[in-house]
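> Mind folding the following:
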Amino acid sequence: MFTLLEEPLDAASYENLLGEFARFEGKKGGEFHTPRSVVRLLVETLQPERGRVYDPCCGSGGMLIQAARFVVERGGDPDADMAYYGQEVNTGTWQLARMNLHVNGVPADLRRADVLEPHPNARLKADWVLANPPFNMRDWARIEEDLRWRYGVPPRTNANFAWLQHAVDKLSDQGSAGVVLANGSLSSKQMGEGEIRRAMVEGDLVACVVALPAQLFSSTLMSACVWFLTKDKSQQGAAGLTDRRGQTLFIDARAMGDMVGRVIAY
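Numbering: from 1, shown residues only. As a prediction, this is how the structure comes out:
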């Protein structure tokens, strides 16, 4: 039973503890904790209210929890209206996520697996994908024949476009995704990355790209961006969305943040 309507003290305290741990652990901590402001940006842009939500690198589970909160804020039933799925490769982080989701009352199907290898949720099609994978991941399970690489085989030394194509592969016919990546994903051309990016844009999958303010992450000084992807840019009938077919929106939000101190605030 979901319990976040009044946000119980134990759930809030556990989240704050994760944030403090990430701050003090630096890069290692940042592997499982995404700043709350970034999580809210993804969730409130995509507005997941009904269906399946999936995080392929769920860290401490914050994105799944925020998705459940969004449903509550909109007057929905997060247990009846949504189903939650997550995967995490690191055993310790997976255990933290299980505890965090349990404390917050989110009934998630959480698997311990490397999603860039053949994985337990291979058949899953989600309406919403939320992800903050490791930036510029150099050591990953690259299989050239993987059917997910419809837009090009990602280079062995960088998994950015593996994560993007995995997100696309997991989407239902009208699904949407938000994926946080390093800004280099917008301009890199090494080993075919430029061709993959072009193919995804020409395939009308990229709905929006947002360049984020600097120094949001405790784990890296790299600048980051969010790729918003969608399988369907049409009005989608009753949803009443604006027809965005053939269009991609670019938002430069680098100056839309204020430094409040040298210590990262969560």
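> quick one: buried residues of stretch 228-244?
Using 16 or more other Cβ atoms under 10 Å as the burial criterion, the residues of stretch 228-244 that qualify are 228-233, 244. The C-beta positions use only the backbone N, C-alpha and C, and glycine is treated the same way.
> can you pull the buried residues of the longest strand along the chain?
Taking DSSP state E as the criterion, the chain has its longest strand at strand 171-182. For strand 171-182, the neighbour count (16+ other Cβ under 10 Å) marks 171-172, 174-182 as buried.
> need these in JSON lines with pLDDT, can you?
Shown next, in JSON lines, are the buried residues of strand 171-182 (pLDDT from 0 to 100):
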{"residue": "Leu171", "pLDDT": "96"}
{"residue": "Ser172", "pLDDT": "95"}
{"residue": "Gln174", "pLDDT": "91"}
{"residue": "Gly175", "pLDDT": "95"}
{"residue": "Ser176", "pLDDT": "96"}
{"residue": "Ala177", "pLDDT": "97"}
{"residue": "Gly178", "pLDDT": "97"}
{"residue": "Val179", "pLDDT": "97"}
{"residue": "Val180", "pLDDT": "96"}
{"residue": "Leu181", "pLDDT": "95"}
{"residue": "Ala182", "pLDDT": "92"}
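> For these, which two are the farthest from each other?
Spatially, the most separated pair among the buried residues of strand 171-182 is Gln174 and Ala182, at 28.4 Å (Cβ to Cβ).
> what bits of this structure have low per-residue confidence?
1-33, 118-121, 218-220, 236-240, 258-266 (pLDDT under 70).
> Sketch out the helices for this protein, chain order is fine.
Per DSSP state H, the chain carries helices over the ranges 9-25, 27-30, 36-46, 62-73, 91-103, 160-170, 193-202.
> Tell me which of those lies nearest to Ile251.
Closest to Ile251 of the helices of the chain is helix 36-46 (Cβ to Cβ; 10.1 Å).
> Show me what that closest one packs onto, helices and strands only.
Applying 3 or more Cβ pairs under 8 Å, 6 or more residues apart in numbering; DSSP states H and E, one finds that helix 36-46 contacts helix 62-73, strand 126-131, strand 171-182, strand 224-230.
> Just put the ones you listed in a markdown table and tack on distance to Pro155.
A markdown table is the format used below for those (distance: least, Cβ to Cβ, whole Å):
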| stretch | distance to Pro155 |
| --- | --- |
| helix 62-73 | 27 |
| strand 126-131 | 19 |
| strand 171-182 | 14 |
| strand 224-230 | 17 |
